[in-house]
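1. Can you look at this prediction? I've put the sequence above it.
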Amino acid sequence: MGIYVYMLHCSDGSYYVGSATGDDLSARIDQHNAGAFPGYTFVRRPVTLVWSQHFDRITDGIAAERQIKGWGRAKKEALARSDWDGVQQLARRRGGKPAR
């Protein structure tokens, strides 16, 4: 079965990171847009899927979700662009600021 970890871009410009078990991630995004989940995305609709990854092991997916939730905006945006060099660069220096 596995788990999807996903990132949504919200109407207010913020990002939401979540996870969903099952085979149909598009149904989960539709639920967010329909307001099925009271909470963060409810008042920030519509939302758009900007990144997702499937994990075979649920524990791996939960660990990835927690890690990404701890990232700053710039690093999340690099992930959404599939900019792996940018993700690595931002991982080296907190906030992505050049070293002095």
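-> Cool, got the structure.
2. Can you spell out the domain ranges of this protein, please?
-> Using automatic domain parsing, the domain ranges for the chain come out as 3-69, 72-100.
3. Okay, now the unreliable bits of this structure?
-> Residues of the chain meeting the criterion pLDDT under 70: 93-100.
4. Run through the helices of it in chain order.
-> Using DSSP state H, the helices of the chain run over 25-34, 58-69, 73-80, 84-92.
5. tell me the most buried of the ones you listed?
-> Highest mean neighbour count of these: helix 73-80, a mean of 18 (counted as mean count of other CB atoms under 10 Å). Where you see a C-beta, it was placed from the backbone N, CA and C, and this is true even at glycine.
6. Tell me which residues are up against it.
-> Contact with helix 73-80 is made by 7, 9, 15, 17, 50-51, 68, 71, 84, 86-87, 90-91, 95-96, as judged by CB atoms under 8 Å, 6 or more residues apart in numbering.
7. and which of the residues you listed is nearest to Gly39?
-> Of all those, Gly39 sits closest to Val17, with 12.9 Å by CB to CB.
8. residues contacting that closest one?
-> Counting by CB under 8 Å, 6+ apart, Val17 touches Val5, Tyr6, Met7, Leu8, Glu65, Ile68, Lys69, Lys76.
9. between the residues you listed, which is closest to Pro38?
-> Distance to Pro38 across those (CB to CB) is lowest for Leu8, with 15.6 Å.
10. sorry, back to before: dump the helices of the chain to a markdown table, plus distance to Val43.
-> Shown next, in a markdown table, are those (distance: least, CB to CB, whole Å):
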| stretch | distance to Val43 |
| --- | --- |
| helix 25-34 | 12 |
| helix 58-69 | 19 |
| helix 73-80 | 19 |
| helix 84-92 | 28 |
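11. can you tell which of the ones you listed is closest to Arg45?
-> Nearest to Arg45, of those and by CB to CB, is helix 25-34 at 5.7 Å.
12. Distance from the closest one to the middle of the chain?
-> Averaging C-alpha positions (CA atoms, centre = their mean, to the nearest Å) puts helix 25-34 14 Å from its chain's average.
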